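Asks: Coordinates for the following, if possible.
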Amino acid sequence: MAVEKAPKTNPGRAQQRVQLNKDNMKSAYCNFFTARANPEEIVLNFGFDDLRGTATKDPHQVQILHQVVLSTTTARRVKDTLVELFRKRDAGGVQVTAQAVPAEKSN
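Replies: The predicted structure is shown next:
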């Protein structure tokens with residue numbers, strides 16, 4: 001398990017240590033996604049399109065591998081993190097790692 005320090009992203013919030021347990025994590029290469037939203041959540045579907053750019057079947061089928069359902073607060077943090085990662089990567093052309101600060105528990 002990796003123990004990583006959360007970056008300073010909100011000056012009014014104390015830094016928090018996060019322990020990542022990757023024991024049950026699964027990985028898959030995805031080159032396709034869909035997204036939809038409702039008032040409470042954002043739903044992302046990730047998949048693999050093995051005929052990308054050369055579709056000959058109708059209808060074209062894509063294998064959906066993962067569905068991720070996010071609260072709107074978490075989805076916004078994911079968006080902000082991705083924007084920052086691309087900004088840094090495009091500016092320096094180097095590999096960049098970022099971590100979002102864990103969500104505050106709400107009741």
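Asks: Contacts only, for residue 28.
Replies: Contact analysis of residue 28 by Cβ atoms under 8 Å, 6 or more residues apart in numbering lists 46, 48, 65, 66. Bear in mind the C-beta positions are built from the backbone N, C-alpha and C, glycine included.
Asks: Pull the most distant pair out of these.
Replies: The span of the contacts of residue 28, defined through Cβ to Cβ, is set by 48 and 66 at 10.1 Å.
Asks: Pull up the overlap in contacts between the two.
Replies: 28, 30.
Asks: any low-confidence regions in the chain?
Replies: 1-13, 52-57, 93-107 (pLDDT under 70).
Asks: Try it again at 80.
Replies: Within the chain, the ranges that satisfy pLDDT under 80 run 1-15, 51-59, 93-107.
Asks: Where do the helices of it begin and end?
Replies: With helices called from DSSP state H, the chain shows them at 72-92.
Asks: I'd like the distance between residue 38 and residue 72.
Replies: Distance of residue 38 to residue 72, given as Cβ to Cβ, to the nearest Å: 9 Å.
Asks: likewise residue 48?
Replies: 27 Å.
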